[in-house]
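Chemist: For reference, the sequence and a predicted model appear below.
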Amino acid sequence: MSRQGAFDQPVRRHRRDPEGHREAILEAARQTFTERGYARTTLREIARRAGVTHGLITRQFTSKELLFLAAVPGNRDLEQVAAGDAETLPDRVAHAFVQRMETDAAHDPLVALLRSAASDEGSAAELLLAMQQRSVTVYRSVLAPGTPPDFGDDLDTRVALLGSHLIGVAFSRYIARTEPLASMPSEELTRHLARTLRHILEG
């Protein structure tokens, strides 16, 4: 077999447990989305890296969009971060966001999505809208439990503003690297972010 042929073969991991396959797929997805961007990533490439079949990915995640949403750390972990007292929700969100980005922003799928947004506006808009819709559901369960999505309040708007604010911070600090955010100590950034998020969520 040629060297190129060996490269094209799936990296077989011989896992039998579904959870093991799922974690391998998510890890491969995070790496591939970060390296190639959303538009240039294919499910077949993710399957090859994870050592699974294309069919297994579609059975577990249905589509590339849903796989991306499952792979993005902030979106994936939102329920866990949001759970708790509504009063301290802004603090938890700010801390989790800054900690996640400070740990490995260069390999974060959301940063990769923002980098590629200019060349693939349609995909970026669809994914950000899907993330926003999920965020509304999670935040409503904490801030207005028991109310339906069409309750008539402005929570959807506040969640959209919160998401836009986080995206702006991510772009300014981790992509454009503009001051004063670029060199601000992470503890100070967390404090400022918690304050602004509290204003957005509580009015």
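Modeler: Everything's here; your move.

Chemist: any chance you could map the helices in the protein?
Modeler: Ranges of helices within the chain are 3-8, 18-40, 43-50, 54-61, 64-71, 73-76, 78-82, 89-104, 109-116, 121-143, 155-170, 186-202, based on DSSP state H.

Chemist: just for this protein, where's the confidence low?
Modeler: 1-18, 74-76, 203 (pLDDT under 70).

Chemist: If we use 80, what do you get?
Modeler: Along the chain, the parts satisfying pLDDT under 80 run over 1-20, 72-76, 106-110, 112-113, 115-123, 148-152, 203.

Chemist: center of it, which residue is that?
Modeler: Centroid-nearest residue in the chain, with C-alpha atoms, centre = their mean: Val72, separated by 2.9 Å.

Chemist: wait, what's in contact with that one?
Modeler: Val72 makes contacts with 108-110, 113, 131, as judged by C-beta atoms under 8 Å, 6 or more residues apart in numbering. For glycine as for every other residue, the C-beta is placed from the backbone atoms N, C-alpha and C.

Chemist: at 6 Å what do you get?
Modeler: By C-beta atoms under 6 Å, 6 or more residues apart in numbering, Val72 lies in contact with 109-110.

Chemist: circling back: what about the helices of the chain, which gets the closest to Pro180?
Modeler: For Pro180, the closest of the helices of the chain is helix 186-202, at 9.5 Å, according to C-beta to C-beta.

Chemist: Output that closest one as PDB - backbone C-alpha positions only.
Modeler: Provided in PDB are the C-alpha atoms of helix 186-202 (Å, rounded to 0.1, in the frame of the first residue of the first chain):
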ATOM      1  CA  SER A 186      -7.800  37.200  32.800                       C
ATOM      2  CA  GLU A 187      -9.100  37.900  36.400                       C
ATOM      3  CA  GLU A 188      -9.800  41.500  35.400                       C
ATOM      4  CA  LEU A 189     -11.500  40.400  32.200                       C
ATOM      5  CA  THR A 190     -13.700  38.000  34.100                       C
ATOM      6  CA  ARG A 191     -14.800  40.700  36.500                       C
ATOM      7  CA  HIS A 192     -15.700  43.200  33.700                       C
ATOM      8  CA  LEU A 193     -17.500  40.500  31.800                       C
ATOM      9  CA  ALA A 194     -19.500  39.400  34.800                       C
ATOM     10  CA  ARG A 195     -20.600  43.000  35.300                       C
ATOM     11  CA  THR A 196     -21.700  43.600  31.700                       C
ATOM     12  CA  LEU A 197     -23.400  40.200  31.400                       C
ATOM     13  CA  ARG A 198     -25.300  40.900  34.600                       C
ATOM     14  CA  HIS A 199     -26.500  44.200  33.100                       C
ATOM     15  CA  ILE A 200     -27.600  42.400  30.000                       C
ATOM     16  CA  LEU A 201     -29.500  39.600  31.700                       C
ATOM     17  CA  GLU A 202     -31.000  41.600  34.500                       C
END
